[in-house]
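Undergrad: quick one, what's the 3D model for this:
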Amino acid sequence: MRPVWARLLPYAWFLGALGVYLSGLAGSFLADDSPETISAMVSLEPQHPPGYPLLTLLGKLATLMPLGGPSFRICFLAAVAAALAAATAGVLARDVTRRLKMDESSSAASGTLAAALLAFSWTFWTTGLSAKGAVYSVNVCLLGLALHKLIVPGDGEKTWRGILGVALVFGAGLAHHWMSFAAAAPGMLVLLVPNLRRRGMGHAAAVAAFLLLAGASVYLFLPFRASTPLDLNWGRPDSLDRFLSVVTREQYRDVEFAPRGPGYWQARITHLVSFSMREWSPWLVAAGIPGVIALAASLRYVLAGLLLTAALVWGGAFFFAHPLPDRIFITEPYLVPALMVWAVLGGAGLAWAGQRYGKLNRAQWISAAAAIVFFLFIRGHRSHDFSRYHLSYDYGVNLLSGVPGGSVVFCEGDYDLFSLLYLDQVSRQRPDVVPVAAIFLDYDWYRNTAHRILPDVIPLEHEQGQMVVRAVRPLVYTSQHGGGEGVLKPVGLTMRPPIWEGYGTADSLRTWRALRFRGIWKLFENPPGMERDLLDSYGLQMARLAGDVADGDPRTAMALYRKALLLPMQPETEAATRLALARILLAEGKAEEAERHAVRAVDLAPESLEALVVLADISRARGDRPRARHILFKALMLIPAQGMETQREDLGRMLRELE
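TA: Reported below is the predicted structural model:
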C-alpha cells in the first residue's frame, strides 16, 4: 500500500501551481483575444473559429462564482485548468517511473519535476494567467487526462472504464480544440493498442464510439445560440455551411495555406530554437533525453505514443499555422501539448538518471527536486506577474473617454474591437456608444447583425467593397493599425462618407487628459509584441496630437511629447518626436534640454539633415557659433552632388550668417 504522503502529492502539485498562478493572475485582461473570450462566455455566443463551445460553457459556469468580477472568474478558470494539467503531468511521470520498477522516492521526485517543468514552462505559465490562456490550459488538461487513462492500464473492468473515459474526454477535446486532438489521435491509438488486446475489450468499442460522439456533441451549442439575437455572433453558424465554415476555420485558410515569402522558413526555425531554449533553459530542455532512453528499454509503446503525440502536435503548429514572420510568436501556445509530453519525459528521465547513476536517497531527492522547482520559479516569476496589468482594459476605456455621446464606433483591429466589446457587453460602460466590428461588415453574417442593431446607420445591402453608412449619429473610426484613411484593409472595405471627420483637436485633447496608464511602466522594459504595438500606438498618437497643438499651446505640446517619449517607439519615430520637442524647447528658452533631445535624435538618425540643422540652431542659440558651423558643414556633406539644390542653398545661407 502506498504511503499517505505519496497519495497526497498530486494535490500538493495542484495547489502549489494554483497558488503561483493566482499570485500573478491578470488584473483585467491581456492584449490578446481575452476580452472577446470573456464577452463570449458572459453572453454565451460563438467565439472566433472554431467556436470553442465547451470552453464557452465552462466559462459561463465560472462567471456564476460569487468571487471577483467576470474577468477574474475566467482567469481563475484558466489557472485551475493549468494547475490541474500540471498535476496530471506529474501523475503521468510518477506512474511511468513506477512501471519502470523505480522506488517510491524516485517516483515522487519524477512527478514533482514533471509538474514543475510544465507549470513553470514559460509559455504554459502564461496560459494560466489570462482568459485567452484558458483555451490552451483546458486543452492540455483534457489531453493529459486522456493520456493518463491510456498509459496507466488496469485489469478487466478498470481497463474497460478507462477506454470509455478516454472516448468521452477525446470527444470533449474535439469540441474544444479539435486541431490538437486530431493531431494527437495517432499517438493515442498507439497507446490504445495494447489495451485492445486484452480479453473482453471488443464489446467496449460501440459504447466508446457513443461516448466520443456525446463529448463532441457540445458543438450543437453553436447553431443553437447562433439562431438567437447576439451582438457579434462570429460566423453566425446557424446553417450547415456556416457551421462547417466556423468549425473548420475556413476564414484562416488563405493565411495558413498561402505561399511563404523569402526568408520565412529561416525565421520560423530561428524562432523555434529560441522558443525551445527559453521554455526552461537549455539544460532542462535536455532533461527529456534520459526519459527517452529509460522508456526505450522497457516501455517502447508508451514512448512511441508520447513522442508521436508531441511530434504531430508540434508538426501541425509548425507546418500549418503560418503567421507573418514578425507575428510567429502567436503560434507558441499551440505547442503546449508538446511541452506537456516533454515535461513528462523530463521528470521521468531525471528520476531514472538520479536513481541509476546518483543512487539518491529520499533526502537527496527532496533537496534536488526543491532546487530545480525553486530555480524554475525564480527564473520566471517576475515576467509572469500580471496582477497589476491593466493596459488593454485601459486602452478601451481611453478610446471611450473621447467619444461623443450616442456615437457609433467602427473598430478595425482586435485591440480596438475586443476591448470595446468587453466594455459594452460585460461592464456596460457608455451604453450610449455602440461598437461595430468594421472589419466584418463585408461578410453577410455580420452585416445582418449590425443592421439589426443599428438599422438607421448601417444598411442591409451594399456594393462589394463599399459600405455607405448614414450619419444620423456621431460616427468614429478607430484602428490599431497605422494609416487606415477610412479603408478597412482586411476586407478592402471603403466607408462612405469618411467617418473620421468631425473629430477635432479639442476632442483629442480631452481624450489625452483622461488617459489611464495603470501599471504601464513596470511591464515594458522589454514588452511582448502585442503590448509593444499598443504602446507604439499611444506614443505615435500623442506625438501627432502634440504637433497639432504646438503653435497654439506649446506647453501642452511639450507635455505630450514628453509623455510620448516615455513609451517605446520605432527609432525614426522617436527621432522625429525628439526634434519636434527640441524646437519647442528652444523657442521657450530651454536650450540645454533642447540640445539633449537633438543630440539623441542625431544618434538615432545620423544622416538626417533636419536633425543636424536643429542641433546647429541650438548651438547658435547657446552662443557656440564654431560648433554650429561644424554641424552645418557635416550636414552639407550629406547632400549628394546632384539634386537637393534648395537644401544646399539653405545650408549655405545659414553658414554665411555664422561668418
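Undergrad: now for the helix or strand hosting residue 628, which elements pack on it?
TA: In the assignment (DSSP states H and E), residue 628 maps to helix 625-637. Applying 3 or more Cβ pairs under 8 Å, 6 or more residues apart in numbering; DSSP states H and E, we find helix 625-637 packed against helix 609-621, helix 645-657. In this view, the C-beta of every residue, glycine as well, is placed from N, C-alpha and C.
Undergrad: find the one among those helices with the highest mean neighbour count.
TA: Highest mean neighbour count among the helices and strands packed on helix 625-637 (mean count of other Cβ atoms under 10 Å): helix 609-621, with a mean of 21.
Undergrad: tell me the angle of it relative to helix 645-657?
TA: Helix 609-621 runs at 10 degrees relative to helix 645-657, counting by axes from the mean of the first three to the mean of the last three Cα atoms, to 10 degrees.
Undergrad: got the CA positions of helix 609-621 in PDB?
TA: In PDB, the C-alpha atoms belonging to helix 609-621 read as follows (Å, rounded to 0.1, in the frame of the first residue of the first chain):
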ATOM      1  CA  LEU A 609      19.600  66.800 -42.400                       C
ATOM      2  CA  GLU A 610      16.700  68.100 -40.300                       C
ATOM      3  CA  ALA A 611      18.200  66.700 -37.100                       C
ATOM      4  CA  LEU A 612      21.600  68.300 -37.800                       C
ATOM      5  CA  VAL A 613      20.000  71.700 -38.700                       C
ATOM      6  CA  VAL A 614      18.100  71.700 -35.400                       C
ATOM      7  CA  LEU A 615      21.200  70.800 -33.400                       C
ATOM      8  CA  ALA A 616      23.100  73.700 -35.200                       C
ATOM      9  CA  ASP A 617      20.300  76.100 -34.400                       C
ATOM     10  CA  ILE A 618      20.600  75.100 -30.700                       C
ATOM     11  CA  SER A 619      24.400  75.600 -30.700                       C
ATOM     12  CA  ARG A 620      23.900  79.000 -32.300                       C
ATOM     13  CA  ALA A 621      21.300  80.000 -29.700                       C
END
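Undergrad: next, the angle from that helix to helix 625-637.
TA: Using the same axes, to 10 degrees: helix 609-621 against helix 625-637 is 170 degrees.
Undergrad: so what touches helix 609-621?
TA: If you take Cβ atoms under 8 Å, 6 or more residues apart in numbering as the criterion, helix 609-621 is touched by 575, 579, 582-583, 586, 591, 594-595, 598-599, 601-602, 605, 625, 627-629, 631-632, 634-635, 638-639, 647, 651, 654, 658.
Undergrad: which SS class is residue 123?
TA: Put simply, residue 123 is helix when judged by DSSP: H, G, I helix; E, B strand; the rest coil.
Undergrad: one more: residue 32?
TA: Per three-state DSSP, residue 32 ends up coil.
Undergrad: just send the helices and strands packed on helix 625-637 back as TSV, with mean pLDDT and distance to residue 50 too.
TA: Below are those laid out as TSV (pLDDT from 0 to 100; distance: least, Cβ to Cβ, whole Å):
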stretch	mean pLDDT	distance to residue 50
helix 609-621	83	51
helix 645-657	78	57
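Undergrad: now distance to residue 139 too, for those helices, in TSV please.
TA: Below are those laid out as TSV (distance: least, Cβ to Cβ, whole Å):
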stretch	distance to residue 139
helix 609-621	51
helix 645-657	59
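Undergrad: among those, which is nearest residue 360?
TA: For the helices and strands packed on helix 625-637, the distance to residue 360 is smallest for helix 609-621, at 63.3 Å, taking Cβ to Cβ.
Undergrad: which stretches in this structure count as strands?
TA: Here the chain has its strands, by DSSP state E, at 408-412, 434-437, 466-468, 475-479, 487-488, 493-496.
Undergrad: tell me which of those strands is the most buried.
TA: With a mean of 26, the top stretch among the strands of the chain by mean neighbour count (mean count of other Cβ under 10 Å) is strand 408-412.
Undergrad: so what strands line up beside that one?
TA: strand 434-437 (parallel), strand 475-479 (parallel) (DSSP bridges).
Undergrad: would you single out the least confident of those strands?
TA: Ranked by mean pLDDT, the strands paired with strand 408-412 bottom out at strand 475-479, with a mean of 77.
Undergrad: quick revisit: ok, of the contacts of helix 609-621, which come out buried?
TA: For the contacts of helix 609-621, a burial check counting by 16 or more other Cβ atoms under 10 Å picks out 575, 579, 582-583, 586, 591, 594-595, 598, 601-602, 605, 628-629, 631-632, 635, 647, 651, 654.
Undergrad: quick one on the thing from earlier: mind putting the strands of the chain in JSON lines, distance to residue 387 included?
TA: Shown next, in JSON lines, are the strands of the chain (distance: least, Cβ to Cβ, whole Å):
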{"stretch": "strand 408-412", "distance to residue 387": "28"}
{"stretch": "strand 434-437", "distance to residue 387": "28"}
{"stretch": "strand 466-468", "distance to residue 387": "42"}
{"stretch": "strand 475-479", "distance to residue 387": "28"}
{"stretch": "strand 487-488", "distance to residue 387": "36"}
{"stretch": "strand 493-496", "distance to residue 387": "40"}
